[in-house]
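**Q** Generate coordinates for the sequence data below:
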Amino acid sequence: MQGLSFKAACAVTASAALVLGHGASLEAQTNPRSTFPGRRVGGGTRGECNARTLVHLVPESSVFAPGADGTLALVQGPTVNPVSLTMRFEPEAGGVPTRQTLQAASAGLTLISGAAVATSTVWESSFDCSSADASGGADPLSFVQSSSPPALSLLLPEAEASDQLVQSVLSSLRLRCGATVPAKETLAQFGLADLVTEEWPQQLPVRCPS
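**A** Numbers count the residues shown, from 1 in each chain. Take a look at the predicted model:
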């Protein structure tokens, strides 16, 4: 910085750092992988239905690119009174959301096909606890929380390294359709082994609805 006083040089350096820092801040704010308020583990509130664990098998950030084959997976925890669950897919840029319902089932792992996305899409899954209310199977103390906190993830079209690792695991799980996989070991691949308590079965059936 020849020709500049020491004070002026410091001012220029500080200004440049401020601009660079502001640019990095804007990049972080616009990167959905670092800003999406996801929650890959749903459930956990009061009442039998609302407390049931529901897990999206995605990276810890709850942001995932399913790749060309569009395979997604979720895990339902144990319960005495299973109910159906609804998955909702809503493009972030707007558009008509789509829904898919899975029939009531016991604890297990479900693989969903055809979820390839062309744009950022919010994936939300929750148990249909209102159906349990209607059937009279709800916990009478569950009035504190009338709906189960959903599992919430963001699906992206562009994959990164963390996505490719998950895609590989899901591909191996697809080879187990109709069979079972060890619960703790399978969830451990996603850093979720601590969810498997004594109430869980040691083996989870792998369901692959068409």
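
**Q** mind listing what's buried in the helix or strand hosting residue 34?
**A** Element membership for residue 34 (DSSP states H and E) is helix 32-35. For helix 32-35, the neighbour count (16 or more other C-beta atoms under 10 Å) marks residue 33 as buried. Where C-beta positions appear, they are placed from N, C-alpha and C, glycine not excepted.

**Q** and that helix, what does it pack onto?
**A** Counting contacts by 3 or more C-beta pairs under 8 Å, 6 or more residues apart in numbering; DSSP states H and E, helix 32-35 packs against helix 6-30.

**Q** what's the spacing between the helix holding residue 34 and its chain's center?
**A** 13 Å (C-alpha atoms, centre = their mean, to the nearest Å).

**Q** helix or strand right after it?
**A** Next element after helix 32-35 (DSSP H and E): strand 41-42.

**Q** So in that sheet, which strands flank that next one, and in what orientation?
**A** strand 54-56 (antiparallel) (DSSP bridges).

**Q** Quick one: distance of the partner strand to the chain centre.
**A** 7 Å.

**Q** so for that strand, what's the average pLDDT?
**A** Per-residue pLDDT values across strand 54-56 average out to 97.

**Q** what comes into contact with that strand?
**A** 40-43, 62, 64, 72-77, 85, 123, 125-127, 148, 150-153, 187, 190, 192, 195 (C-beta atoms under 8 Å, 6 or more residues apart in numbering).

**Q** returning to that earlier point: return the alpha-carbon coordinates of the helix holding residue 34 using CSV.
**A** This file holds the C-alpha atoms of helix 32-35, laid out as CSV (Å, rounded to 0.1, in the frame of the first residue of the first chain):
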residue,chain,number,x,y,z
PRO,A,32,-30.0,-23.8,3.0
ARG,A,33,-27.7,-26.5,4.3
SER,A,34,-26.6,-24.2,7.1
THR,A,35,-29.8,-22.3,7.7
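
**Q** returning to that earlier point: so of the contacts of strand 54-56, which ones are in strands?
**A** Using DSSP state E, the subset of the contacts of strand 54-56 located in strands is 41-42, 64, 72-76, 85, 123, 125-127, 151-153.

**Q** Would you check which pair of the residues you listed lies furthest apart?
**A** The most widely separated members of the ones in strands among the contacts of strand 54-56, counting by C-beta to C-beta, are 64 and 127 (21.0 Å).

**Q** For residue 92, state which of the ones in strands among the contacts of strand 54-56 is nearest.
**A** residue 123 (11.0 Å).

**Q** mind listing what the closest one touches?
**A** 56, 72, 87, 88, 89, 115, 152, 153, 154, 155.

**Q** measure stretch 91-110 end to end?
**A** With C-alpha to C-alpha, to the nearest Å applied, stretch 91-110 spans 23 Å between its terminal residues.

**Q** Quick one: mean pLDDT over it.
**A** Averaging pLDDT residue by residue across stretch 91-110 gives 94.

**Q** tell me which residues of it are tucked away?
**A** Quick answer for stretch 91-110 (16+ other C-beta under 10 Å): 91, 102, 104, 105, 107, 108, 109, 110.
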